[in-house]
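Participant: Take a look and give me a structure for this.
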Amino acid sequence: MLRAIAGGVATGVPLSDWFLIVAGAGSLFIVTGKRHAEQVELGSDSLEHRSTLGEYSTAFLGYVRAVASA
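Facilitator: Here you go, the predicted model:
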């Protein structure tokens, strides 16, 4: 998101609300997909790899990915 906003500011191109919504949803989709993949691949060792993975359930990550992709 920061890169998209900085690019618009640097080039002088006005960013529409729709562009920010789509870029935000895409970013959320990618982040939740990465966290889900880390949980699945690492299994019980995922907490040692990234402590915040304990805050998310796989069901929650699946739900957020579904909402972001819709």
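Participant: mind listing the helices in the protein by residue range?
Facilitator: In chain order, the chain shows helices spanning 2-11, 17-42, 46-49, 58-69, with DSSP state H as the criterion.
Participant: Next, the angle helix 58-69 makes with the longest one.
Facilitator: Helix 17-42 runs at 150 degrees relative to helix 58-69, counting by axes from the mean of the first three to the mean of the last three C-alpha atoms, to 10 degrees.
Participant: from the chain's centre, how far out does helix 17-42 sit?
Facilitator: 2 Å (C-alpha atoms, centre = their mean, to the nearest Å).
Participant: what packs against it?
Facilitator: helix 2-11, helix 46-49, helix 58-69 (3 or more C-beta pairs under 8 Å, 6 or more residues apart in numbering; DSSP states H and E). In short, each C-beta sits where N, CA and C put it, glycine included.
Participant: between it and helix 2-11, how big is the angle?
Facilitator: Using the same axes, to 10 degrees: helix 17-42 against helix 2-11 is 150 degrees.
Participant: Quick check: mean pLDDT of helix 17-42?
Facilitator: The pLDDT scores in helix 17-42 average 90.
Participant: okay if I get the helices of the chain as a markdown table plus mean neighbour count?
Facilitator: Shown next, in a markdown table, are the helices of the chain (neighbours: other C-beta atoms under 10 Å):
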| stretch | mean neighbour count |
| --- | --- |
| helix 2-11 | 11 |
| helix 17-42 | 14 |
| helix 46-49 | 13 |
| helix 58-69 | 14 |
